Structures are given as C-alpha cells and as structure tokens.
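**Student:** After the sequence you'll find the predicted model.
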Amino acid sequence: MSWAGRTAVEIADAVRAGEATAEQVVADHLEAVAARDGAIGAFRAVLAESAMADAKALGHRPDLPLAGVPVAIKDNVAVAGQITTNGTRAASPEPAPEDHPVVARLRAAGAIVLGLTKCPELCLYATSDTRNPWDPQRTAGGSSGGSAAAVAAGMVPLALGNDGLGSLRIPGAACGVVALKPGHGLLEPPPHDWFAMSENGPLTTTVNDTILALTVMTGTPILPEAEDLRIAVATNPLPPGFSVDAEFQEAARAAGATLREAGHTVVDHGRRFPMSLGWSTIAAWYSCAAADSHDLDESKLEPRTRSMARLGRFLQRTRRDGSRRRDDWRAYGADQWFGDIDVLITPTIAHLPPSAEGWASKGMARNAYADITFAPLTGAWNMAGWPAMTLPFGRHSSGLPMGVQLIAPPDGEGLLLSLAGYLERAQPWSRHAPGH
C-alpha cells in the first residue's frame, strides 16, 4: 500500500502510532512525483535527498501533529538552503539563509519539505503553464497553480501557497482542492505582501487537513464553530458586463440550499461590486508588478511582466494606483457592502480554466483579459483583508470540478471551516483528479 494519496491527518496518525515511518511515507510520495509530475509540471525543484534525510532524522515522534507529512512549498516562500525564484529568471541566485516562519512551523510540527512548486513570474497571473490534473490541456490556475496541482494529483497531501488577489482560491477551484486565504494578520505574509493584500495559506484535499494545517501554521487552535448564521448567496456579484458560468452559479445556489437545510438562514445577495472597486483592484495589481520588479534586472523579465511594471509605475506616479479605494474598502466599504450577513457564498471562478499553453510568451493585454474574465471573483477580499476559502462542490458538465467561495468578516476563519466541513459531509468530493 502506498501512502501517496492519503490525507495529512491519516499519515500523521500512522507515523505517530508507529504504523508507518516517515521514510516510507516520503519515499512513496517521491515515487508519485516521479511518475506523475512529468505530465503536469507542478514542481520547480524536488528535494529528494534532503527530504529523505529529514524523514530519517524525524524518527518516531508521537508528539508531532504533522509527523512525516510531505509538504510542498510555493517557490516564493523561503526554504533554507534553496533559491527562491518567485517564478522569474531575474531572482537572486543566493539560497535562502533560513526558513520563512510558516515553513519553520511546518517543519517543527514534523512536516517534510518535499519540494518547491512552480508559480508564474512574480506570482502576477491567474493562469500558469502548470497543467491541470483534471484536464492537462487546461491551466492549473495561478499563481499557486503548482501547489494546487501537486495536491490534486496526490503528489503531496498538503501544500503551502499564498493569495494576493485570489492565488490560492483560483487554482484551488480549478484543480478541485480546498484552499483557504486567512484574514490579514493571522499569518506572516510572503516576502512580497502586495500592500498587505497577500496571505500565506494551505491547500489540501479535506477540511480536516485544512484545520490541522492552519492550526500548525498559526500556532493557535482554529475552532470551527457556526450556529444559526445568516448566509447570503451571490451568484454573480460582478459589475454589469461580467459573466459567470451558469453551472458555477448553480453550484453556489446549491451550497446555500444545503446550508439552509442545516438550519442557517440563507438569503440572496443581489448587490454587485462597484465598478470603482474593479478598476482599483486592477490598478493595485499593476502596482504590485511595479513594486516587485523594482530591484530586478528588467531585461530578464518576461515581456508581459515588463509591460505590467511600466504601466504600474505610471499609475503610481499619477496617483491612480488603487490605494485610496483599497484603503476605503478595507476600512468600511466591504463591511457596508456585505451588510447584515455572517458569511457570503459565491462561485470561486467565473469560467472554466483556459488553456495551459504559452501564457509566459503572450502579451500583457492577452494575459490581463484572460485573468480578468476567468477569475474576477476573488480580489475584493484581498482588498478588504478578509478571510475567504474555496472548496469543491459538484462537477461541471465538462467533467471539471466546481468550486464555491466562502467569505467572512475578520476573524471568521472558524465560521468558514465549520460551514465547509458541513458541505463536505453533505456532498463529498473526489479528493484527487481521476487517475491520480
């Protein structure tokens, strides 16, 4: 029996009980990576030698919550001794001197770093060249697409990613896994925090694995509690002119109906995001490109990224960088728009993932159009700094998984996880893509 494809909870329980060794678990997962990643391209680097050494050194530790659990780390988060590329040839060639604090907590809890997962350049794009395990012709999404694909293909039970405008939730929905973006301040952010919009978070195949991972990452128990909530469903909260796949809309309605059966009050949320928020979110995105490329050799950047950075610098110089609207939305706008509800349900992505082919070679305009039409439903909650997550809920007629997004005000992670757990029990999903 291979341990690849088992949950983090199952693996940790078995290693703590002495029913499996960390070395056996890691070897099984390295075998899965060798067999599967050639067709997917989730990993930039597989750390086979150090992973096996760490597994051997772990021994039998019945006190560790993630004992022997293989984990993949997105390649914009520091792993000691490894180069952090952030998806660009312009990155420093110097290895990281120490682990990022979240990585250090994962290791201290017994997790074994199996490798570094790919991300598009500077994590700027909602598409990536990593292939979706459910349909290799389509993108896994971005920018944490490598992490999402590695989990969906059963190469690791847990991956670390981050989310600046949807970069956990978008690939999570595209690949049919659970992904949670914590609210601002719960975890140390990635090095490029995108004006306090970007948060580190876990990708897993079950809600219980997400609870375990988030508890370890924060160092604080996350209590999933939700009783008698007022929940709203917004099947298309986008400004006029933006469309959302009809089946994705129906999945959000179905999730709301399921929670109504659990005793919660569920209502329709007919409001649409103000167009000014959309423009400000795009301006903030381009400003992030300018900020993150500031100290890099521009000649080594992809043409699309150079163009984004130049436009971002122009927006900053002319004070059109979205910062004022972002600050207003975070201070009071999101709360006013949310209204008297506890949790909001929406589709996570608006349309099926586009092709996986050649996004790095396409121009800025084509990338922007693809990203904005494919995944416009997530960025508002980075602008607000609120917690949000995606979980699989149903299957599209194309055969791909559908994701629903749950959003709560600050400190609402426990509410989200409680509702997600109920939805998982009511409508269990395929934990891995077919054939994996």
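**Tutor:** Happy to help now that I have it.

**Student:** Would you map the helices across the stretch 101-250 of the chain?
**Tutor:** 101-108, 145-152, 169-175, 207-218, 246-261 (DSSP state H, counting those that start in this stretch).

**Student:** Residue 376: which of those helices is closest?
**Tutor:** Residue 376 lies closest to helix 169-175 among the helices of the stretch 101-250 of the chain, at 10.1 Å (C-beta to C-beta). All C-beta atoms are positioned from the backbone trio N, CA, C, and that covers glycine.

**Student:** Quick one: mean pLDDT for the closest one?
**Tutor:** Helix 169-175 carries an average pLDDT of 98.

**Student:** what are the ranges of the strands in the protein?
**Tutor:** Along the chain, the stretches classed as strands by DSSP state E are 43-46, 70-74, 112-117, 131-132, 135-139, 158-163, 178-181, 199-204, 230-233, 265-268, 343-347, 388-395, 401-407.

**Student:** quick revisit: just put the helices of the stretch 101-250 of the chain in TSV and tack on mean neighbour count.
**Tutor:** Formatted as TSV, these follow (neighbours: other C-beta atoms under 10 Å):
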stretch	mean neighbour count
helix 101-108	19
helix 145-152	36
helix 169-175	36
helix 207-218	23
helix 246-261	19
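
**Student:** burial count for residue 154?
**Tutor:** 22 (other C-beta atoms under 10 Å).

**Student:** Let me see the contact set for it.
**Tutor:** 4, 5, 32, 36, 432, 436 (C-beta atoms under 8 Å, 6 or more residues apart in numbering).

**Student:** Could you rerun that using 10 Å?
**Tutor:** With contact taken as C-beta atoms under 10 Å, 6 or more residues apart in numbering, residue 154 is in contact with 2, 4-6, 29, 32-33, 36, 133, 205, 431-433, 435-436.

**Student:** Got the confidence number for it?
**Tutor:** 98.

**Student:** mind checking how far the residue sitting nearest the centre point of the chain is from residue 147?
**Tutor:** The chain has residue 168 as the residue nearest its centroid, 1.3 Å off, counting by C-alpha atoms, centre = their mean. For residue 168, the distance to residue 147 (C-beta to C-beta, to the nearest Å) stands at 8 Å.

**Student:** joint contacts of these two?
**Tutor:** Taking C-beta under 10 Å, 6+ apart as the contact rule, the neighbours common to residue 168 and residue 147 are 74, 159, 160, 161, 162, 177, 179, 201, 202, 203.

**Student:** In JSON lines: the residues you listed, plus neighbour count.
**Tutor:** Shown next, in JSON lines, are the shared contacts of residue 168 and residue 147 (neighbours: other C-beta under 10 Å):
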{"residue": "74", "neighbour count": "31"}
{"residue": "159", "neighbour count": "31"}
{"residue": "160", "neighbour count": "28"}
{"residue": "161", "neighbour count": "34"}
{"residue": "162", "neighbour count": "27"}
{"residue": "177", "neighbour count": "33"}
{"residue": "179", "neighbour count": "33"}
{"residue": "201", "neighbour count": "31"}
{"residue": "202", "neighbour count": "32"}
{"residue": "203", "neighbour count": "33"}
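
**Student:** okay if I get those residues as JSON lines plus distance to residue 104?
**Tutor:** Formatted as JSON lines, those follow (distance: C-beta to C-beta, whole Å):
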{"residue": "74", "distance to residue 104": "15"}
{"residue": "159", "distance to residue 104": "16"}
{"residue": "160", "distance to residue 104": "12"}
{"residue": "161", "distance to residue 104": "17"}
{"residue": "162", "distance to residue 104": "16"}
{"residue": "177", "distance to residue 104": "24"}
{"residue": "179", "distance to residue 104": "22"}
{"residue": "201", "distance to residue 104": "16"}
{"residue": "202", "distance to residue 104": "15"}
{"residue": "203", "distance to residue 104": "19"}
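
**Student:** Many thanks, I have nothing further to ask.
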